[in-house]
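> Quick one: sequence and predicted model below, then my questions.
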Amino acid sequence: SLDGIMKPLKPGFGLIASYLGLPVVPVYIHGAYDALPKGHKWPRRGRIHVSFAKPFYPQSYRLLGLKRREIYARLAQDVSAAISELQTELLNALSGIQTGDISV
């Protein structure tokens, strides 16, 4: 995004994943915007953390009896929720590391 804040996912990726029969893996990347904000040509030094969630399989949504567009919208909602959960978990973990509460 242009400001580093995740925007709502569009259901088009669900259409592509369904058509190709591919799973969708939610990923949260923390620190990338700070490392290369809008308008900068070169990245800055910094830590980037990447978290992955379990994949979603578009084919499994067909078992719910949903229509195609409903599948794509539901997939976008579920992937978005998974990314938000990854973000919360990572920020909580980083907060614990910074305060010394979590041993790594």
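Structure's in. What do you need?
> which SSE is the residue nearest to I29 when sequence neighbours are not counted in?
Excluding the flanking residues, the one nearest I29 by C-beta to C-beta, 6 or more residues apart in numbering is V50, at 5.3 Å. All C-beta spots, glycine's among them, are computed from the backbone N, C-alpha and C. Secondary structure from DSSP states H and E places V50 in strand 49-52.
> quick one: buried residues of that strand?
For strand 49-52, burial by neighbour count (16 or more other C-beta atoms under 10 Å) applies to S51.
> try stretch 22-38
V24, P26, Y28, I29, H30, Y33.
> about what we covered before: following element in sequence after the strand holding V50, please.
Assigned by DSSP H and E, the successor of strand 49-52 is helix 58-62.
> Identify, by residue count, the longest helix of the protein.
Assignment by DSSP state H gives helix 68-99 as the longest helix of the chain.
> that's a strand at I29, yeah?
Yes - secondary structure of I29 (DSSP: H, G, I helix; E, B strand; the rest coil): part of a strand.
> ok, it touching I48?
Yes - I29 lies in contact with I48 (C-beta atoms under 8 Å); the separation is 6.5 Å.
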